[in-house]
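Engineer: Structure for this input, please:
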Amino acid sequence: MAEGLFPQTSNKIITAYDLFGKAHLRKLKNFKFRAGAYGVLINGDRILLKRHPSIEKFEIPGGGIKLDETITEGLVREFKEETGLTVRVGKLLSVEDNFFTHNEEDSHGILIFYKVEKVSGNLTTNKEDSAEVKYLKIESLNHGNIQRSSRNVIDYIKSKRNS
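Structural biologist: Numbers count the residues shown, from 1 in each chain. As a prediction, the model looks like this:
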């Protein structure tokens, strides 16, 4: 018999990570799905990254998709909010998941990464999600200076450039 679209979850305990990369043991039944879209903008040997005001590590711009928008609409909106740039969404690069906790809210995030191309705009920050936005050399990026949620796609990009 089918469980339905939203089956009950168990009391299983899983590890979720906060904004600072600290692990927390959380009850699975408290998690909600959250889809997010992220844009990889490469310019030569550099990639555009943003830094959240609360942390020192950089990450790929993007974020949560609203219920009334498509994946690409959400990506274009989030990218503009965080960087000031309007982008055109290109090739799908990666889909990953991430167990995340923030302000007592738990999320099983589905992270969708696309290559993007700049259409217009100038780099800006919004102080809420992006205290700093800048191009960094791809080869300078490592797990010490990149947010956990962006590491796999950065590793993928680096491996493609080195092959």
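Engineer: how about the strands of the protein, start to end?
Structural biologist: Ranges of strands in the chain, per DSSP state E, are 13-17, 23-27, 31-40, 42-43, 46-51, 58-59, 62-64, 85-102, 105-121, 132-137.
Engineer: Show me what the first one is packed up against.
Structural biologist: On a contact count with 3 or more C-beta pairs under 8 Å, 6 or more residues apart in numbering; DSSP states H and E, strand 13-17 meets strand 23-27, strand 85-102. The way it works is simple: take the backbone N, C-alpha and C, and place the C-beta from them, glycine included.
Engineer: Then the last one?
Structural biologist: Under the contact criterion of 3+ C-beta pairs under 8 Å, 6+ apart, strand 132-137 touches strand 46-51.
Engineer: buried sites along the strand it packs on?
Structural biologist: Buried residues in strand 46-51, counted by 16 or more other C-beta atoms under 10 Å: 47-51.
Engineer: do stretch 74-94 as well
Structural biologist: In stretch 74-94, counting by 16+ other C-beta under 10 Å, buried: 74-85, 87, 89, 93.
Engineer: Of the residues you listed, just say which sits nearest to residue 136.
Structural biologist: The nearest member of the buried residues of stretch 74-94 to residue 136, counting by C-beta to C-beta, is residue 83 at 13.4 Å.
Engineer: how much space between that closest one and residue 120?
Structural biologist: Applying C-beta to C-beta, to the nearest Å, the value for residue 83 to residue 120 is 12 Å.
Engineer: Ok, residue 72 next?
Structural biologist: 17 Å.
Engineer: Please identify which of the two sits among more neighbours.
Structural biologist: Neighbour tally, residue 72 and residue 120, criterion other C-beta atoms under 10 Å: the higher count belongs to residue 72, 18 against 9.
Engineer: what's the closest non-adjacent residue to that one?
Structural biologist: Spatially, and ignoring its direct neighbours in sequence, residue 72 is nearest to residue 89 (4.5 Å; C-beta to C-beta, 6 or more residues apart in numbering).
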